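Colleague: give me a 3D structure for the following:
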Amino acid sequence: QARLVESGGGSVQAGGSLRLSCAASRRTFRSYAMGWFRQAPGKEREFVASISWNGRSTYYADSVKGRFTISRDNAKSTVYLQMNSLKPEDTAVYYCAAGTEPLAVTTEYDYWGQGTQVTVSS
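Modeller: Reported below is the predicted structural model:
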């Protein structure tokens, strides 16, 4: 069973940047598609970005296109989410997930991290 641990969250002012990391415990990390999701208080968990197992395909929610970048380093079993030009509406708990395909739905992912809080102030 894969264990995922997120880090890099924190508080930042609008317009600032953060880079989230998600470290996986399994050597088979490289065979998994990875996704980032977020959940704000009182809202459902929503898709942010995903990446194929080899890093060649990436997908983004419209709300973060052009501002966020997902990447992975299979040698380090780590996936990243670079977040630039942050807005207050980006405030949420961010989760990474591992699954078979880089889809935008939570049900397609088998393993989840515990989440990391991102707070953007205006």
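
Colleague: can you find the helix or strand of this protein with the lowest average pLDDT?
Modeller: strand 109-112 (a mean of 94; mean pLDDT, DSSP states H and E).

Colleague: packing partners for that strand?
Modeller: Helices and strands touching strand 109-112, by 3 or more CB pairs under 8 Å, 6 or more residues apart in numbering; DSSP states H and E, are strand 92-99. Bear in mind the C-beta positions are built from the backbone N, C-alpha and C, glycine included.

Colleague: by contact count, what packs against the strand it packs on?
Modeller: strand 4-7, strand 18-24, strand 33-39, strand 78-83, strand 109-112, strand 116-121.

Colleague: and the residue nearest to the spatial centre of the chain, what does it touch?
Modeller: In the chain, the C-alpha nearest the mean C-alpha coordinate belongs to Trp36, at 2.5 Å (CA atoms, centre = their mean). By CB atoms under 8 Å, 6 or more residues apart in numbering, Trp36 lies in contact with 20, 22, 48-50, 70, 79, 81, 94-97.

Colleague: alright, I will stop here.
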